[in-house]
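Undergrad: Got a sequence here, can you model it:
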Amino acid sequence: MAQKSEIKVRKLKNELIKAFQDYCRSQVVLWRQVPELALRANKVRAFSCGQYGLAHNCLFWPVFADDIHGLHVNLRTGELNLPELLDRIQLGDLFSLLDRLRADKVINSLQAEIDSSGKDSK
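TA: Numbers count the residues shown, from 1 in each chain. Prediction:
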């Protein structure tokens with residue numbers, strides 16, 4: 001019985017990883033806007049920020065700003081990298097992760113940072 005349950009949990013986990021991948025890929029048009037906005041926001045800051053630098057220079061958006069070597073979105077394809085890192089995410093963190101994968105929210109945050117400077121750093 002326990003073995004059947006374990007198989008079911010693994011199957012559900014794989015479906016969840018696929019759902020996160022599909023969600024990220026469905027936003028590829030939005031993700032492709034992030035590198036330019038990250039460059040502009042980085043100029044407003046007048047210093048290099050790891051997350052913004054990765055977005056502009058490497059075309060990756062770290063899902064967690066303080067973990068630039070972990071889970072990230074490929075800004076060219078909308079692919080979520082390293083799905084095995086989802087193993088480390090606790091069940092209670094899934095909604096937080098889903099929220100962090102909202103490309104529109106990332107874009108709005110970058111645009112707000114650009115706009116808050118009172119100048120356009122194009």
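
Undergrad: Scan this structure for its longest helix.
TA: helix 2-25 (DSSP state H).

Undergrad: How about residue 59: what's its closest non-neighbour residue?
TA: In space, and not counting its chain neighbours, residue 59 is closest to residue 75: 4.4 Å by CB to CB, 6 or more residues apart in numbering. C-beta: built from backbone N, CA, C; applies to glycine.

Undergrad: how near is the one you found to residue 113?
TA: Counting by CB to CB, to the nearest Å, the gap from residue 75 to residue 113 is 17 Å.

Undergrad: Compare these two and say which one has the larger neighbour count.
TA: Using other CB atoms under 10 Å as the criterion, residue 75 and residue 113 rank with residue 75 on top: 24 against 17.

Undergrad: pretty sure the more buried one is touching residue 61, no?
TA: Yes. Proximity of residue 75 to residue 61 meets the contact threshold set by CB atoms under 8 Å, at 5.8 Å.

Undergrad: shared neighbours of these two, which are they?
TA: 31, 34, 55 (CB atoms under 8 Å, 6 or more residues apart in numbering).

Undergrad: Please convert these to a markdown table, extending it with neighbour count, secondary structure and pLDDT.
TA: A markdown table is the format used below for these (neighbours: other CB atoms under 10 Å; DSSP: H, G, I helix; E, B strand; the rest coil; pLDDT from 0 to 100):
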| residue | neighbour count | secondary structure | pLDDT |
| --- | --- | --- | --- |
| 31 | 25 | helix | 98 |
| 34 | 22 | helix | 97 |
| 55 | 27 | helix | 93 |
